[in-house]
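Asker: sharing a model that was predicted from the sequence below.
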Amino acid sequence: MQMTGKTLIILKPDAIQRSLAGEIISRLEKKGLKIVAMKMVLLSREKAEKLYDIHRDKKFFNDLVNYITSGPVIAMIVEGNDVINVVRKLMGKTNGAEAEPGTIRGDYSTSIEKNLIHGSDSEESFKREMPVFFSESEFINYQKIDESWIK
């Protein structure tokens, strides 16, 4: 059995602008994932550069930073069994034009630039990205009424 873990999810400016936040959050919850922290923020350039620091030497770095700071985002910490892999599958391929139907990107995106959602791709990425948005003291530890069936 996979251990329960946490991951960072960011609903990007295009998800907010297109009023898809509720739909995306609903998909995560219907999968059985538990939101333990959530906030809407306007990301500063400094925080955006920290978030995308691993891409600093790539030609698309400034485009990433400019886009993520162009409007509000919703950041969430989500918990569940094998959560990073589960969320990656729900999101679909990075390029929405190549993402499978039934995934978030496959259903709502046709772009690699505006692809609605970010999810940490590893435990290491989560540990690096999470502090851009949250401190662990902001996580809410609670038991869901229907959580017993998830185990």
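Answerer: Structure received. Numbering: from 1, shown residues only.
Asker: so which residues make contact with stretch 129-144?
Answerer: 6, 8, 10, 34, 36-37, 39, 41, 43, 47, 50-51, 75, 77, 120 (C-beta atoms under 8 Å, 6 or more residues apart in numbering). The C-beta positions use only the backbone N, C-alpha and C, and glycine is treated the same way.
Asker: repeat the analysis, applying 6 Å as the threshold.
Answerer: Stretch 129-144 is contacted from outside by 8, 34, 36-37, 47, 50-51, 75, 77, 120, using C-beta atoms under 6 Å, 6 or more residues apart in numbering.
Asker: show me the two of these that sit farthest apart.
Answerer: Greatest spacing in the contacts of stretch 129-144, by C-beta to C-beta: Lys34 and Lys50 (26.4 Å).
Asker: neighbour count for those two, which is higher?
Answerer: Taking other C-beta atoms under 10 Å, Lys34 and Lys50 do not tie; Lys34 has more neighbours (20 against 16).
Asker: and stretch 32-45, end to end?
Answerer: 34 Å (C-alpha to C-alpha, to the nearest Å).
Asker: mind listing what's buried along it?
Answerer: Buried residues in stretch 32-45, defined by neighbour count with 16 or more other C-beta atoms under 10 Å: 33-34, 36-38, 43.
Asker: quick check: the two most widely separated of those?
Answerer: Greatest spatial distance among the buried residues of stretch 32-45 (C-beta to C-beta): Lys34 and Leu43, at 24.2 Å.
Asker: ok, Asn141 to Glu129 distance?
Answerer: 21 Å (C-beta to C-beta, to the nearest Å).
Asker: who's more crowded, those two?
Answerer: With neighbours defined as other C-beta under 10 Å, Asn141 and Glu129 compare such that Glu129 has more, 23 against 7.
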